[in-house]
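Trainee: Test case, fold it:
(chains A and B)
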Amino acid sequence: MSNAATHTEPLRSNLAVPDQIDEKTGLPRENYIQDGGKGLKSWLLTMDHKRIAILYLITVVAAFFVGGIMALLIRLELFLPDEQFFNADQYNQLFTLHGAIMIFLFIIPSIPAILGNFVLPLQIGAKDVAFPKLNLASWYVYMLGAGITLISIFTSAADTGWTFYTPYSSSTSTSVIPMTMGVFVLGFSSIFTGLNFIVTVHKLRAPGLTWFKMPLMVWGLYATAIIQVLATPVLGITVLLLTLERAFGIGIFDPAMGGDPVLYQHFFWFYSHPAVYIMILPGMGIMSDLIATFSHRKIFGYKFVAFSSLAIALVSFLVWGHHMFTSGQSEIAVMIFSFLTFMVGIPSAIKVFNWTTTLYKGSISFAVPMLYALGFLFLFTIGGLTGIVIGALSLDIHLHDTYFIVAHFHYVMVGGTVMALIGGLYYWWPKIWGRMYSRTLGVFAFLLVFVGFNMTFFTQFILGARGMPRRYFTYVEQFQPLHAFSSSGAMVMGLGFLLVAINLWWAIKHGKPAGSNPWGALTLEWTECTSPPIPHNFKETPKIEYGAYEYDRVIPTMEKQG
Amino acid sequence: MADSAAHPRWLQHHFTSAGQQRESAKLGMWIFLVTEILFFGGLFCAYAIYHAWNPDIFHEAHKALDWRLGGLNTLVLITSSLTMALAIRSLQVNKAKLANGYLWATILLALTFMVIKYFEYAHKFHVGQLPGKYYTYTGIEGTSPHIFFSLYFMMTGLHGLHVMIGIGVILWLIIRNRRGDFSNAYYNPVEMTGLYWHLVDLIWIYLFPLFYLVG
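Mentor: Numbers count the residues shown, from 1 in each chain, chains lettered A, B, ... in the order given. All right, here's what the predicted structure looks like:
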């Protein structure tokens, strides 16, 4: 640290003094878990953004494990070349459900609805999000959407893949309508969250918190919210049209009636490509917070990292055609889409370089969240660079619909978003519950996840490049060793995720009291809030004098108590 | 919560001032309107594509719609937008009773719109000018005139649904206003519903020429 560093005291009144600590639990006497009302009803009718985050945490993690079990079943089937446990139709249903659950029920709501809900108001010094009722409504709409989707699972699960391409989706005998209507309803949940976040960031920042003093997590969530608001309605109308097509044969996507099935693909990807950035941008926000906090260093290129989030959000709307290189678009269209796809690499690379530069000469501590941040840095870079590979026209014609694509998006979605989500959960867990988990088990579980993940998906790059097509339930003999290796990796990764869950679950009751700022971070949720926070977050509205990462000016007070 | 001048009942706890609450509601509502435009945007996009592919069919099929009924409905909706705006104005000058009168007028006009729409729909159902595979009408030349009616029913249907939702929301405003919730100090929900209602009006102003006057 330079000599110029000054020591700034936080508003002491916001932190618990020793006699406000409960001796039995070691946590502050007043906190949102105990004081927001007792009993199930007080949770189900809560307007507190922190409690709503917990509701989302429970349901979204449940969806993750359901989707994960399906992934393991898929890998089990693929261990050997021939039909093992499932026939072709069941296999189609399995990967459809795996994709739909993971995308719509898990990954889209995951970071914004769980961690965003919890930390966004804290990080900007607000008492709540702008529209607390709408926030709670979003969770109920999510549950309704999830319920409707479940109908499909229990009738005859859709077998279209999560993309519901016409004309197959309008003719298959499986129950597509509950699935598409579920997605339609879930979209509203996503829109409500995004709308809430945009207004919250614009209107509820604490005095003195200018845009460029905000934590980059807030920038990430803000950029995400813009995409949620602009893209999701188009998905809504798309699945609505598909539903009407199936139910009433309106013919919009039916070539026999003058319609165009490729129009469906355009509509679908106009949402679903930006949706990819709904998934990754909040993860990038978490990354910035983790890297700066655990390097104890001012983030390098703050404005570049902040604006690159907006740049990604903007460019995300212009590249949907790269999912359709083989669908018969005009040559000029595919060339433009290919070129624009390369452009996404620029803001993404800006972030990766800035994070890496932040590490340089930082005093890095290898806390469990930081391991996930470093994991993200490796895996997301591989995922991003292979994205450039398949954004190139000539290569994509070869690699389209192979395991190379599967590996690429799992590197971004799991290696990126899930890594960031788990890193973020580990990072904010002591704030959410006031207790610390086991570091040893945390490191061990990380190694399992990291190694298992690479075993599973790096192998699939090789499989894909050699010509293994995606969505096939049998394959030729020569791919067997690679498939077996990939499946073994999936089991290792699954065990890793399970240990992560056990570690965090255990900490809720039995972890040591963490203190208000165990990481020595500079953002408001650590410097001005107790762990867990009080129901209205701050006793006094904080006044912000320095930016979120100004480790060159301020030495944070490590607060192990309260 | 104590009902005092500093912190009136309608001011939610997490806002520091009435101004902040109002600004937040406004921004939120405008963002919601953006999502509505994108929602309809998908359909307008589909309309543009199929119109570009089948200009002749659209020309022939539009004759099946009665521009006089469409024009009348346009007038009805524009008038309802005026009464909605007057309701907000009445609250601004603290005339809550008058505001309720204007809100009732808005509902009445909205219902008039729906009744006219009902007669139009009933006629098309009767002669078989229906979407997609239910299309049985034989009076229009060309290969796939049903595409026009698919779009017509989806777009006007979705718009009609928005009118119905608007009626419901305005009814809720009337109940709240009778309870004395609104005054010149606080009328956010009425103003926000007004914004919604103008958008519903605006969408119809686009639908009318696209379907009734396209020839």
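
Trainee: In contact with the closest residue to A:Ile312 other than its chain neighbours, which residues are there?
Mentor: Nearest residue to A:Ile312 in three dimensions, chain neighbours excluded: A:Pro347, at 4.8 Å (C-beta to C-beta, 6 or more residues apart in numbering or on different chains). Placement of C-beta: from N, CA and C, glycine included. The contact partners of A:Pro347, by C-beta atoms under 8 Å, 6 or more residues apart in numbering or on different chains, come to A:307-309, A:311-312, A:315.

Trainee: do that again at 7 Å, thanks
Mentor: A:308, A:311-312 (C-beta atoms under 7 Å, 6 or more residues apart in numbering or on different chains).

Trainee: same deal with A:Arg246?
Mentor: A:170, A:176-177.

Trainee: try A:Ser156
Mentor: Counting by C-beta under 7 Å, 6+ apart, A:Ser156 makes contact with A:174-175.

Trainee: Quick one: mean pLDDT for stretch A:398-412?
Mentor: Averaged over stretch A:398-412, pLDDT sits at 96.

Trainee: Pull out the buried residues from it.
Mentor: Across stretch A:398-412, burial judged by 16 or more other C-beta atoms under 10 Å in any protein chain shown covers A:399-400, A:402-412.

Trainee: need the contacts of A:Arg246 in TSV with distance to chain B and pLDDT, can you?
Mentor: Compiled in TSV, the contacts of A:Arg246 are given as follows (distance: C-beta to the nearest C-beta, whole Å; pLDDT from 0 to 100):
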residue	distance to chain B	pLDDT
A:Ser170	11	87
A:Val176	17	93
A:Ile177	16	93
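
Trainee: Now tabulate those in JSON lines and tack on distance to A:Leu186 and secondary structure.
Mentor: Below are the contacts of A:Arg246 laid out as JSON lines (distance: C-beta to C-beta, whole Å; DSSP: H, G, I helix; E, B strand; the rest coil):
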{"residue": "A:Ser170", "distance to A:Leu186": "21", "secondary structure": "helix"}
{"residue": "A:Val176", "distance to A:Leu186": "15", "secondary structure": "coil"}
{"residue": "A:Ile177", "distance to A:Leu186": "15", "secondary structure": "helix"}
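
Trainee: What mean pLDDT does stretch B:71-88 get?
Mentor: Average pLDDT, stretch B:71-88: 97.

Trainee: Apologies, that question was intended for stretch A:372-381.
Mentor: Mean predicted lDDT for stretch A:372-381 stands at 97.

Trainee: quick one: buried residues of it?
Mentor: Counting neighbours by 16+ other C-beta under 10 Å, one finds that the buried residues in stretch A:372-381 are A:372-377, A:379-381.

Trainee: tell me which parts of chain B are close to chain A?
Mentor: Proximity of chain B to chain A, by C-beta under 7 Å from any C-beta of the partner chain, involves residues B:13-14, B:20, B:23-24, B:27-28, B:31-32, B:34-35, B:38-39, B:41-43, B:46, B:49, B:131-134, B:143-144, B:146-147, B:150, B:154.

Trainee: Drop the exposed ones from those residues and show what's left.
Mentor: Neighbour-count burial (16+ other C-beta under 10 Å) applied to the residues of chain B next to chain A gives B:14, B:20, B:23-24, B:27-28, B:31-32, B:34-35, B:38-39, B:41-43, B:46, B:131-132, B:134, B:144, B:146-147, B:150, B:154.

Trainee: Count the neighbours of A:Thr155 for me.
Mentor: Neighbours of A:Thr155 under the rule other C-beta atoms under 10 Å in any protein chain shown: 13.

Trainee: And it, how close does it get to A:Leu235?
Mentor: Per C-beta to C-beta, to the nearest Å, A:Thr155 is found 23 Å from A:Leu235.

Trainee: same thing with A:Ala126?
Mentor: In this view, A:Ala126 and A:Leu235 are 29 Å apart by C-beta to C-beta.

Trainee: next one: B:Gly157
Mentor: Taking C-beta to C-beta as the measure, B:Gly157 falls 19 Å from A:Leu235.
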